[in-house]
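**Q** below are the sequence and a predicted model for it; my questions follow.
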Amino acid sequence: MKNLSLEDDMLLSEMGEVQGIPVTKPTSTIWDQVWNFKARPDDLLVATYAKAGLCNLESRSVLIKSYSAGLKLAEAMPSPRTMKTHLPVQLVPPSFWEQNCKIIYVARNAKDNLVSYYHFHRMNKVLPDPGTIEEFMEQFMNGEVLWGSWYDHVKGWWKAKDKHRILYLFYEDMKENPKREIQKIMKFLEKDLDDEVLNKIIYNTSFEIMKDNPMANYTKDFVGVMDHSVSPFMRKGTEVYYCYIFSSQPNKFPLKMQEILELEVGICYTDANVGIGRASGQRGFLPAYEGCI
Ligand SMILES: Nc1ncnc2c1ncn2[C@@H]1O[C@H](COP(=O)(O)OS(=O)(=O)O)[C@@H](OP(=O)(O)O)[C@H]1O
């Protein structure tokens, strides 16, 4: 199924805003329709911040965040539907909660998410020019990018998982052990998969296969919008496990993304020499990031 809504979004560079969150102009223009979207009890929603590997999980799904084409497509879809969104948790249409829909959220560590988003801005002609990595990092940390603050996004959904039927996954875990993570998804969806199908899924959703698949790498879509010679859509798919907290304490200690989310301190980080985050009102970054990009 063609992802109409994404295409429409990409062609419209002007930004809008909903409840203080930067969203695409089409999303803000038809926000009433998005907010009043009627979820069905057997809908599955897949949610991520931008560049957290959504296409890793998407198959035949439509984007509900925006544009009437996407909404119309979703309304016309037979059940059970799978939809995807980049909306932060507070902007999810209330019917998803009222209908107790299952939701899968995928979080990616801030450093890789930031770097991927930076290169996406460089190669996508309809997104604002990101400037230098330093300038983009400031915007990213201030939440002045499409879909708002990465920190608020991952943390907002993390808190929501205790109240709703949300399976919270990590991009890095999916890279480390796709079989284990797919089995988690199957359990959550109360479905069985035989090993042959499971192995096919693992093979076809690997970075190496997806990066050469025109259905996933966008080389056949958005011609004139995405310039793959600047940076390919499926760029690196790198995983970084250990992060360190940038806090009033000078200590840095390796932590996994999940451990960071469980702490009520700031967030996030990198393999060795990049840091972004905020803790106890402080935030900042260490400058030696070139090697990580
Ligand atoms: N299967 C698989 N395995 C590993 N990594 C993958 C996979 N699919 C997508 N990716 C990486 O995810 C980044 C793109 O994220 P999204 O697909 O969410 O982009 S978008 O927000 O929908 O435009 C982008 O990350 P970077 O390569 O680091 O830029 C993709 O390479």
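**A** Nice, I can see it.
**Q** just for the stretch 151-293 of the chain, where's the confidence low?
**A** Within the stretch 151-293 of the chain, the segments meeting pLDDT under 70 span 238-293.
**Q** all strands for it, in order.
**A** 166-170, 278-279, 282-283 (DSSP state E, counting those that start in this stretch).
**Q** and what of the stretch 1-150 of the chain?
**A** Under DSSP E, counting those that start in this stretch, the stretch 1-150 of the chain gives strands at 15-18, 21-24, 44-48, 62-63, 82-85, 102-107.
**Q** most packed of the ones you listed?
**A** Mean neighbour count (mean count of other Cβ atoms under 10 Å) peaks for strand 62-63 among the strands of the stretch 1-150 of the chain, with a mean of 26. To be clear about C-beta, it is placed using only N, CA and C from the backbone, and glycine gets the same treatment.
**Q** mean confidence for that one?
**A** In this model, strand 62-63 carries a mean pLDDT of 48.
**Q** any idea how far Thr82 lies from Arg40?
**A** Distance of Thr82 to Arg40, computed by Cβ to Cβ, to the nearest Å: 12 Å.
**Q** so which of the strands of the stretch 1-150 of the chain gets nearest Met141?
**A** The minimum distance between Met141 and these falls on strand 21-24, with 13.9 Å, by Cβ to Cβ.
**Q** who does the closest one pair with, and is each partner parallel or antiparallel?
**A** strand 15-18 (antiparallel) (DSSP bridges).
**Q** centre of the chain versus the partner strand, how much separation?
**A** Strand 15-18 sits 18 Å away from the centroid of its parent chain (Cα atoms, centre = their mean, to the nearest Å).
**Q** distance of the residue nearest to Ala216 when sequence neighbours are not counted from the ligand?
**A** Nearest in space to Ala216, with sequence neighbours left out and distances taken as Cβ to Cβ, 6 or more residues apart in numbering, is Met210 at 4.2 Å. Using Cβ to the nearest ligand atom, to the nearest Å, we find Met210 at a distance of 4 Å from the ligand.
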